[in-house]
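Asks: build the 3D model from these lines:
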Amino acid sequence: MQTPPARPDWTPHERRYRLVIDSLKEVVFQTNAEGAWTFLNPAWSEITGHPVEESLGRHFSEFVYEEDQRRSLEGLRKLVTKELEYVRTEVRYVNRGGGFRWVEVYGRLMMGEDGAVLGTSGTLNDITERKASDGALARRERYLTALVEVQQRLLAVRDGGDLYGPVLEPLGQSSGASRVYVFELHPSPDGNHLCSQRAEWCAPGVGAEIDNPQLQNLPMMPDLERWLKTLSRGDVIEGLVETFPPVERELLEPQGILSILVLPLRVQGVLTGFVGFDNCAEARRWDRLEVDLLSAAAGAVSVALERRESERALRERERRFRQLAENASDVLYLYRCEAPRGFVYVSRVAHAKLGYGPVAHYGDADLWYRRVHPEDRDALERLLEAPRASAGAPVTVRYLHPDGRTLWLEHVVVPVTDAMGRMVAVEGLARDITERRQAEEALRLSEASFRALLEGVPDAAAIERDGHIVYANAALVGTLGFERAEQLVGRQLSEFVKDMRGTEAVRAGALTGERRLVRRDGRTRVAEVVSLPLRFDGQPAVVSIARDVTEQRQLQARLTLADRLASVGTLAAGIAHEINNPLAFVLSNLSFLSDEFRRNLPPGDGATALQARLRGEPDLGEWLEVLHEACEGAERVRQIVRQLKTFSRPDEENVSPLDVHGVLESVAMMAANEIRHRAQLRRNYGDIPPVMANEGKLSQVFLNLVVNAAQAIPEGSAHRHEIRLATRRDGRSRVVVEVQDTGVGIQKEVIDRIFDPFFTTKPVGVGTGLGLSICHSIIHGLGGDITVESEPGKGTIFRVSLPTMEQDTRAAAAALDVTPRPLIQPRGRVLVVDDEPAVGRVLQRILRGHEVEVACSGRQALELLEQGMEPDAVLCDVMMPDLTGRDVYESVRREHAGLEGRFVFVSGGAFTTGAREFLASIPNILLEKPFDEGRVRRVVEDLVRLRRPTAEA
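Replies: Reported below is the predicted structural model:
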């Protein structure tokens, strides 16, 4: 390496020139004849990054890009040999970071005074930015040229031709890609997105992948989920493959792909496929310009796909329209108004409808003019020559069929205009309405017959139009007390029929209901009125027919008592059960008391014997308890009989101040058996005054409502349902009583009819349909109101409002609950299961020779058995509110096999259908209330003897 020459000693004049050279942005250089640097200004370091001191003395070619070194040395040779006077060229100089900069080199020879070659001198001008701009411009021109060629090739593709093949080659050549391809998306049978390669172009030496089976029906999920989401948004997939997720590299790297660009293909905003560009030669990213221009090309392909899809859809619509037109029952036609005038299109149905087919119409432009009825030719002329006058409204003309018939054709036409707005044709539809016109004619004839019919019917009838009477028959005139029909015409029917709904409500369908008919003299009759829409004299109208049912309603009032008895009959089994339970322990207790007197009082003078026994063993406390229970049972029987009397009274009309709570408690007692197996009864009584009412009628109303509430709840889930009785004031001197249940509810379509006579939702034989109607009549007769709210599946609320007496009169009752616990030494173990505690105590006394345990519910009995109790006999009530006797029996059979054989069932006589079937299916004994004490003892002793053969008799 040559040592750089020593810096000369500059004169002041030369130093000024040196300052100028050092401030230049261009590199000023000098070399010796061999090409080594002898001078470089500071711009050298700014452009290449190499320090001037380290560069001086080194050959200039060391800093030239390898591919440009040969050309640079050749230029030096030509200067030294004086083949060229100067050299101007563009080469790349390597910078200190390993990259390069484009520079423009200008060099000349330096000659000595003796003519010898000293070296070269010149400048290096950095043109990197300009070269980049020139390269980008060249690439842009190349891509734009390719884009134009792609557009031209797409336009040249015929219908159904290959869209992809012709455009991939120019895209691949312009982008410098190794491989260009198209994938289409299509659904799999399970709804997943699949993609399949449809076309491909490869650069020379690059392997094709079009036949790769892995690229057909390739699932997008889950491996290519990122691609699917990105492309669906309209974004691109671009980058070096080595930076992609592993699952994507497994698909791309075996194809030799180093970098990739994927552009979406979208039709009407929906992703249908993508265009891909692979670079298998170098891992080079696509810049923004390339992505934008290639996206434009992909957009052109998408537009072509969308155009093809639109054309296909248009052809399909045209095919369907023609198929619809050819199969329609109406005649479709296109009539040209300009010369040559005539039919351009007529659907085939014209032959069947008009007697002339399409060919006859095409050959004769005036066919319709000759076949139309003479009176309608002007209308036809306006139809075909000036359709704008009809403004799309139907035009009806008569047409003479070749077989002699006259057809009524209803035409609807629209004008067809050219680009200048001139009408050139008429497009229309001709519909045969002959049958409709004949029907309208027949209707007009029938209206006259209808008028005659209404005159002959015995029921009152009127026809209204726009809310006013236009016709009244003789029956209506006589019923309302008038002499002539003209006295009613023009008046409103609602003047005479109260509670009448407007004619607008009738347009949706027939309306029926019971209304009050007010005569001219003010007297009122009850009538069933039906109103329905019809056409009268060719116009919409409403006909109303009223049948006088005043006598029928009077007869219905007489049936009220019979309905009360029917209500009692419905509860007969429950009443028997309620009577038998207290009678069971009343009779047993009285029997026990009789035995005690017989066994414990000595013979002789009764008073003396009694005093003697009072000082001895007899337990007077137990006797007192027995007497209390007997009194309690007798009182309950008396209350039940009182309620029976209330419901069996004649139809009294007198009203008096009445305690609503007392009525509700009586009703609750009467309906107890209906309620207990279906729901729990809740009371929410407010502070209310007495109401003015009739006790028998009010009891009938609430008993009907409570029984209906119970029957709306299915059996077997009493712990999940409830019936609520609530009372309150409403702030208007009225008492409101609510009967609410959690039953099945009432359907919306029938809730407006539940108060109608003989309407019922119950099965045949279960209800008469009069109960709620009578309740409605009773409450309205007492000056009150009754309403209902219900939602299917969520229950019903009946709300009764009654006038009050503002006197705070309340009834109070006290109850005495004495529960003696007899202590008897048993011989066997007996479990008694009954929800009536007094019945349990009676059985304890009857079986006082045994160890008797009483359970007041089925659940308590099962708990005792779970705790280890092993009874020799189980006396179980059939009907209990929480668990029935059947439930206890089935649970014992599952959990304590063998014990079910020791069950003896007891009953007061009330059975559900399920309970009756259950008792018939098992061999166990049934004991009826009131008890036969001897039979009870024998049955229990037999069961104890089976368990304990050595037990004392």
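
Asks: can you show me the helices along the stretch 201-350 of the chain?
Replies: Taking DSSP state H, counting those that start in this stretch as the criterion, the stretch 201-350 of the chain contains helices spanning 225-232, 246-252, 288-327, 349-354.

Asks: just checking, what packs against the shortest one?
Replies: So the one you mean is helix 349-354. With contacts defined as 3 or more CB pairs under 8 Å, 6 or more residues apart in numbering; DSSP states H and E, helix 349-354 has these neighbours: strand 331-336, helix 358-363. (Each C-beta comes from the backbone N, C-alpha and C, glycine too.)

Asks: can you list the ones you listed in a markdown table and add mean pLDDT and distance to residue 498?
Replies: Converted to a markdown table, the helices and strands packed on helix 349-354 look like this (pLDDT from 0 to 100; distance: least, CB to CB, whole Å):
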| stretch | mean pLDDT | distance to residue 498 |
| --- | --- | --- |
| strand 331-336 | 86 | 55 |
| helix 358-363 | 88 | 64 |
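
Asks: closest one to residue 465 among those?
Replies: Distance to residue 465, taken as CB to CB, is lowest for strand 331-336 among the helices and strands packed on helix 349-354, at 36.7 Å.

Asks: ok, back up a step: closest to residue 943 out of the helices and strands packed on helix 349-354?
Replies: Taking those one by one with CB to CB, strand 331-336 is closest: 93.4 Å.

Asks: before we move on, back to that, could you say which of the helices and strands packed on helix 349-354 is packed most deeply?
Replies: The highest mean neighbour count among the helices and strands packed on helix 349-354, using mean count of other CB atoms under 10 Å, belongs to strand 331-336: a mean of 20.

Asks: looking at the residue of the chain most remote from its centre now. What's its pLDDT?
Replies: Centroid-distance maximum for the chain: residue 114 at 107.0 Å, with CA atoms, centre = their mean. pLDDT, residue 114: 84.

Asks: follow-up on the earlier one: in a markdown table, list the helices of the stretch 201-350 of the chain along with mean neighbour count.
Replies: Below are those laid out as a markdown table (neighbours: other CB atoms under 10 Å):
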| stretch | mean neighbour count |
| --- | --- |
| helix 225-232 | 16 |
| helix 246-252 | 13 |
| helix 288-327 | 15 |
| helix 349-354 | 18 |
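
Asks: turn the ones you listed into TSV, including mean pLDDT and distance to residue 472.
Replies: Formatted as TSV, the helices of the stretch 201-350 of the chain follow (pLDDT from 0 to 100; distance: least, CB to CB, whole Å):
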stretch	mean pLDDT	distance to residue 472
helix 225-232	91	73
helix 246-252	91	88
helix 288-327	73	51
helix 349-354	86	45
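
Asks: quick one: which helix or strand includes the residue farthest from the centre of the chain?
Replies: Here residue 114 sits in a region with no helix or strand, counting by DSSP states H and E.

Asks: so where's the stretch 801-950 of the chain shaky on pLDDT?
Replies: Regions of the stretch 801-950 of the chain meeting the criterion pLDDT under 70 cover residues 806-826, 909-911, 949-950.

Asks: strands of that one, start to end?
Replies: Counting by DSSP state E, counting those that start in this stretch, the stretch 801-950 of the chain has strands at residues 829-833, 851-855, 873-877, 903-907, 925-928.

Asks: most packed of those strands?
Replies: By mean count of other CB under 10 Å, those have strand 873-877 as the most buried, with a mean of 26.
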